[in-house]
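> need a 3D model of the following:
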Amino acid sequence: MNKEKYILILKNKIADENTRNIIINQIENYYEAIKNFKPVYCDYKIGDKVYLTKGTLLHGTYKNIDGLKQIIKEGLISNLTTIGRNSKYNYTVGVWKLKKDYYLSDYINFYSGATIMYCSFNDKNITEVIPYNKMNNLLSFVSNFNGHMWVMEQTKEARFLPSLVQDRVQIGIIFNGNNKYIKKMLNYDILSLDFDENDVKNFISPSYYDRFIKERKNKNDFFTDRESAIIFGIPSIFIEGILVGRKYENDEIILNEIKSLLPNAYICNLDGVIIK
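Model (predicted):
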């Protein structure tokens with residue numbers, strides 16, 4: 001679908017002029033990136049460890065290979081035009097944004113663990129992520145806690161990216177997040193406090209808005225500062241690599257299909273190692 005068709009859909013779907021203008025600006029950024037961005041591909045060899053720099057973006061698709069095909073063809077596009085899972089955020093796409101440089105293996109170990117909240121008597125709750133390789137030592141995390149309750153759940157990344165604790169998601173897409181075009185698009189991240197509170201309302205589900213405004217200002221490891229919700233979408237030209245789960249890692253047909261779809265991208269596994 002071309003830019004003009006997206007803008008026509010937008011004008012027919014959204015009544016608020018300010019919201020329309022915000023999305024149109026982002027659509028312009030999207031197509032500017034497609035026109036001008038020149039991909040720089042990683043010079044990895046099979047067996048190399050993947051190293052990701054701060055700002056790298058990742059997205060998991062629960063549709064797996066079919067979802068990847070759709071994203072390559074159409075871009076990672078929001079529910080402005082498509083129907084998918086219900087979202088608290090309208091007209092945006094969700095990605096994980098690295099806060100520091102990581103070996104991919106270390107990042108996967110980190111997010112395949114759990115998020116824990118220690119609830120104190122004075123309501124000054126503390127949160128942290130327990131990495132996968134430290135989950136067996138859970139007692140060492142909670143035994144010195146002096147409070148009335150602690151609660152724990154999977155990290156969000158473990159649910160929505162290929163991880164060491166579930167096989168539902170087999171495809172994770174690694175986007176180049178360190179170029180001037182994607183940085184311009186990240187100015188339209190509604191989870192960032194830099195995005196004006198007066199502009200954000202129409203991008204949030206009404207039932208969630210009041211809680212969102214409060215939590216966006218007080219992020220912790222549950223309402224994380226590791227994720228972004230980018231208005232409209234992200235072009236597929238930013239794809240530099242594909243992370244596969246264990247099922248796809250052992251499916252040569254799938255791996256060859258991914259490589260034919262993205263001949264210049266690398267494919268890596270949950271050990272953070274290049275496999276194709």
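> all the strands of the stretch 51-200 of the chain, residue numbers only.
51-52, 57-61, 76-77, 92-97, 102-103, 114-119, 126-130, 149-154, 171-175 (DSSP state E, counting those that start in this stretch).
> so what's Pro142 scoring on pLDDT?
Small correction: residue 142 is Val, not Pro. Each residue has a pLDDT score; the one for Val142 is 87.
> my read: it touches Met149, true?
No. The criterion here is C-beta atoms under 8 Å, and Val142 misses it with Met149 at 10.5 Å. C-beta here means a position set from N, CA and C on the backbone, and glycine is covered the same way.
> now stretch 216-233: how far from the chain's centre is it?
Centroid separation for stretch 216-233 versus its chain: 10 Å, with C-alpha atoms, centre = their mean, to the nearest Å.
> scan this structure for its longest helix.
Secondary structure assigned by DSSP state H gives helix 17-36 as the longest helix of the chain.
> ok, Ile234 touching Gly75?
Yes. Judged on C-beta under 8 Å, Ile234 makes contact with Gly75 at a distance of 6.5 Å.
> and for the two, which residues touch both?
Residues within reach of Ile234 and of Gly75 at once, by C-beta atoms under 8 Å, 6 or more residues apart in numbering, are Tyr30.
> quick one: low-confidence parts of this protein?
Along the chain, the model assigns pLDDT under 70 to residues 81-86.
> ok, the closest residue to Ile22 other than its chain neighbours to Thr61 distance?
Spatially, and ignoring its direct neighbours in sequence, Ile22 is nearest to Asp199 (6.1 Å; C-beta to C-beta, 6 or more residues apart in numbering). Applying C-beta to C-beta, to the nearest Å, the value for Asp199 to Thr61 is 28 Å.
> quick check: closest non-adjacent residue to the residue nearest the centre of the chain.
The residue lying closest to the centre of the chain (C-alpha atoms, centre = their mean) is Val95, at 1.8 Å. Leaving aside its sequence neighbours, Val95 sits nearest to Leu57 (C-beta to C-beta, 6+ apart; 4.3 Å).
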